[in-house]
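J.: A predicted structure for the sequence below; I have some questions about it.
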Amino acid sequence: MNGRNREVEQIRQEGIRVLRAFAWAALVPIALISPLAAQQDSIPGVTLGLLYEAEFQPALAVQPFSGRLGGETAAARVEEIIATDLRYSDRFQIMDSLPASLVGDQIDYQLWDQLGAVWLLSGSLEGAGSGFVLVLELHDVVYEEIHAQGRFPIPATRDENFRLATHIASDAIIEWIYNEPGMAASRIVFSLRTRDGNQDLYLIDSDGRNFRRLTEYDDLTMSPSWSPDGTRIAYSSRKDTGLPRIYELDLETMVEKPLQPGRNGDHQTPAYSPNGRDVAFSIMGGNRSGIFYYDLERGCCLTHVSGGRWDDFSPTFSPDGRWLAFNSNRLGTPFPQIFLMPASGGEADLISPYLHGQEGYYTSPDWAPFGDYVAFHGRVGRRGSYNILVANVADRGRRLRQLTWEGNNEDPSWAPDGRHLVFIGRRDWGTGLMVVDTATGRYRMLRRGLDVRVPDWSPALGWDGP
Amino acid sequence: MRITHLFVPVIAATLILSACGGGDPPPPPMPGGPTQAEIDARNDSIAAAGDAEQARTEAERDAQRREQDRMNRERDEARETLEAVVQFDYDESDITTAGERLLRAKLPILRSSPTVRLRLEGHADERGSTEYNLALGSRRAESVRDFLSGFGISADRFTTTSFGEERPAVNRSDESAWAQNRRVEFVITGGQIVVSEDD
C-alpha cells in the first residue's frame, strides 16, 4: 500500500489525473474486503466479485459557450449536450451551468483552480443559420495552458445530425484527455414489444434522446445487430415467410434485403464479423442446427462452423475476428452456458463457470470492442434473478465480475468505449434500458417504461458533414 | 342405425300420399274417356311415385348428410386431438407424462392421414433470456418431432419453429400462466385428415 500511496502522490504531482486503485469486493457488496477474503465463493474455483476501480475523477469545468449572430441559443444547446455527454462518460466530476457573472468571458485559471477544476472546456460557435463551426479549447488549469483544441462542423439545430455532430465533439474531448474512444456519438438499437404483442426495431441515442421507431413490420422482428461501420443493421424477422429469416437494413437508403441462405429452420441471432463481410447467425430446428456464416459480398454461401444435435446461438466475434463466443445448450442440461471457439470452427471451451450438479445459467454474450472481455447475464445458482457479469476470456470463467446487484438484469451490450454496457434492467421503480459503467459500477436508467428486448450498442458513428 | 334409415323413405312416402287426399273441387266429367276419378287416381299414383322417389333421394341425402356430419365430427375431433397443445416443465424440453398421453393420441390420426403435415411451434415462458428461450422453444418442438418419429411417423412431415417467449398463450406473470405458456402448438400446414373406418 505504501508503494501505491507514493505512486498516488507522484501521479498527483506530475499532473496525471487518473488514479486507478484496484480492489476486489467480495460477494457482500457493501464491504471491501482483502483479496484473500474475496475467494470465498459460492462456487468452488470461481471468484465472483466486483472489480471496482476506485478511479480518481478529475473535475472538469465548462465555461459557458459563446455564439454570435443569433447562434447564442445553439451555443447553449451544444454546451448542454457536451456537458451531459461528459457526465455520462463517468470519467469526470462536471462543473457546468456556472453563471457568466461568476466566470466572466475570459479564461481565469486562478479562479478555476480555486474552484477545484483540473480541466476547463471552453467553446464558441462560429457562423449562424444553416450551420456552425464549434471551436473547442481544452485548458489544463494546473499548467495554465491549452491542452488541445479542435474545430467541429455542426449543422443547424433543426438538422437531424445536429446532436450527432455535437456528440462527435464530446468524444474528441475524451480522446484528448484519455487517448481512449468515447461513446457519445453512438446509438442503441433494440426491439420493443408493442401492445399488440408484436416487436419492431427502435433506436435511441447514447444519451437517451431521439427515441424513434426504425421498422414497421408489425410482426416479430428481433435481435438487431450493428454492422462494424454503423451503416447497416441485421436482424431476424418473421414478417415475410412466417418463419424467422435474417434481413439487412441499410440505414442511409432504408433499403432492406433478406439474406438468401437457402436452408430451412429458424434463422436467428445475427452478428457481423468485424470486417463486415460475413453475418454469423444461428439456424435452429433445421436438418442441421448450429452457427453458420453467410457471405454478404457474394450474397450466398453458408459456412457451417458449429452445431449438431443441440442449439448454438447468439454468436459474438472477438474484435480481431479470430474468436467466437456463443451460447449453447450442448451440455444437455436446462442451464445454457457460454462457449468460446476459433472463428473458423473447432473445439469449444466453456467460459462460463461450470460445476456439474450446480450449474448456473448464463446467456446473451457480447464481446467487448477491445480487450478480452465477454459480458453476459446469468445467475450463479439454480434460481433467482439475473445479473450482468463480465468474464475475462484469459481466465476461462474462473473469475467473474458482477456488475449489478439488485433487480433483474439481462442482455448486456458494450458501448464503443469498451467501458459501458447497456442492458435491460428491472427495478422496483421501473423497467427499461439501463447503462452501467464497468469501471465504477455506477448505473443509470437510460430510458424507462419500455418493454424492450436484446439491445445492441452501435460502434462510433459519423455523419457526412455539411 | 342402418336399419332405421331404410324405413325413412317409406314413412315419408306414406305421409306425402295421405297429405294429397283432400284436393280441389272435382271438375265436370269428360265423356268418352276415363272418368275423373280414374284420372285423379292415375295422377295421384304418378305423383305418389314421384313423391316417393323424391322422398327416397331426400332420405338418401339425409343419410349422406348425417354420415358427412359424423365424418366431419370425427374429423373435427381428430383435428382437435392433433392440435392439442402439449405443455412442458419449467426450463425442460423433455416430454412429460401428460404430454406423452396427448402425443400418443395423435399417433393413429397421423397414421391414417399420411398426407397431413404439421408445423410444431415451440414456446417458452417469460422467465429466462429472450434468445435462450428461442433455443428452448426449438428444443421443445424437436422433442415432439423426435417422440412422434420414434413411433414411425416420418420426421419429414414436421417442420419446427420457435417463438421463444414472444407469443404467450396467457399474458400474465404467474405460475399458471407460465405453465400454459411452456408449450408446443400443432399447426396443420397441409394434407387431409382421414378418419379411420370404425365398424
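T.: Ah, there it is.
J.: which residues sit against stretch B:83-101?
T.: With contacts defined as Cβ atoms under 8 Å, 6 or more residues apart in numbering or on different chains, stretch B:83-101 is touched by A:334-335, B:102-103, B:105-106, B:125, B:127-128, B:136, B:139-140, B:142-144, B:147, B:169, B:178-180, B:182-188. (C-beta placed from N, C-alpha, C; glycine too.)
J.: again, only using 6 Å
T.: A:334, B:102, B:139-140, B:143, B:147, B:182-186 (Cβ atoms under 6 Å, 6 or more residues apart in numbering or on different chains).
J.: now do stretch A:277-289
T.: By Cβ under 6 Å, 6+ apart, stretch A:277-289 touches A:234, A:246, A:264-272, A:291-297, A:307, A:311, A:313, A:315, B:138, B:160.
J.: Likewise for stretch A:145-161?
T.: A:74, A:130-140, A:162, A:165, A:169, A:172, A:176, A:463, A:465-466.
J.: what comes up buried for that stretch?
T.: A:152-156, A:161 (16 or more other Cβ atoms under 10 Å in any protein chain shown).
J.: next one: stretch A:389-397
T.: So, applying 16+ other Cβ under 10 Å, buried residues of stretch A:389-397: A:389-393, A:397.
J.: and the two most separated of those?
T.: Taking Cβ to Cβ as the measure, these span a maximum distance of 13.1 Å, between A:389 and A:393.
J.: For the residue most central in space within chain A, which non-adjacent residue is spatially closest?
T.: The residue lying closest to the centre of chain A (Cα atoms, centre = their mean) is residue A:415, at 1.8 Å. The shortest distance from residue A:415 to any residue other than its chain neighbours is 3.9 Å, reached at residue A:183 (Cβ to Cβ, 6 or more residues apart in numbering or on different chains).
J.: got it, and residue B:116?
T.: The shortest distance from residue B:116 to any non-neighbouring residue, by Cβ to Cβ, 6+ apart, is to residue B:191 (3.8 Å).
J.: Contact partners for the one you found?
T.: Contact analysis of residue B:191 by Cβ under 6 Å, 6+ apart lists B:115-117.
J.: now swap in residue B:165 and tell me
T.: Residue B:165 neighbours (Cβ under 6 Å, 6+ apart): B:124, B:126, B:133.
J.: mind redoing it with 10 Å?
T.: Contact analysis of residue B:165 by Cβ atoms under 10 Å, 6 or more residues apart in numbering or on different chains lists A:453, B:123-130, B:132-134, B:136-137, B:178, B:181-182.
J.: among those residues, which are in helices?
T.: Mapping the contacts of residue B:165 onto helices (DSSP state H) picks out B:130, B:132-134, B:136-137, B:178, B:181.
J.: Tell me which two of the residues you listed sit farthest apart.
T.: Top of the distance list for those (Cβ to Cβ): B:134 and B:178, 17.0 Å.
J.: what's the closest residue to residue A:231 other than its chain neighbours in contact with, if anything?
T.: In space, and not counting its chain neighbours, residue A:231 is closest to residue A:251: 5.7 Å by Cβ to Cβ, 6+ apart. Residues near residue A:251 by Cβ under 10 Å, 6+ apart: A:187, A:189, A:203, A:214, A:226-227, A:230-233, A:458, A:461.
J.: any idea which of those is closest to chain B?
T.: Using Cβ to the nearest Cβ, residue A:189 is the member of those that lies nearest chain B, at 14.4 Å.
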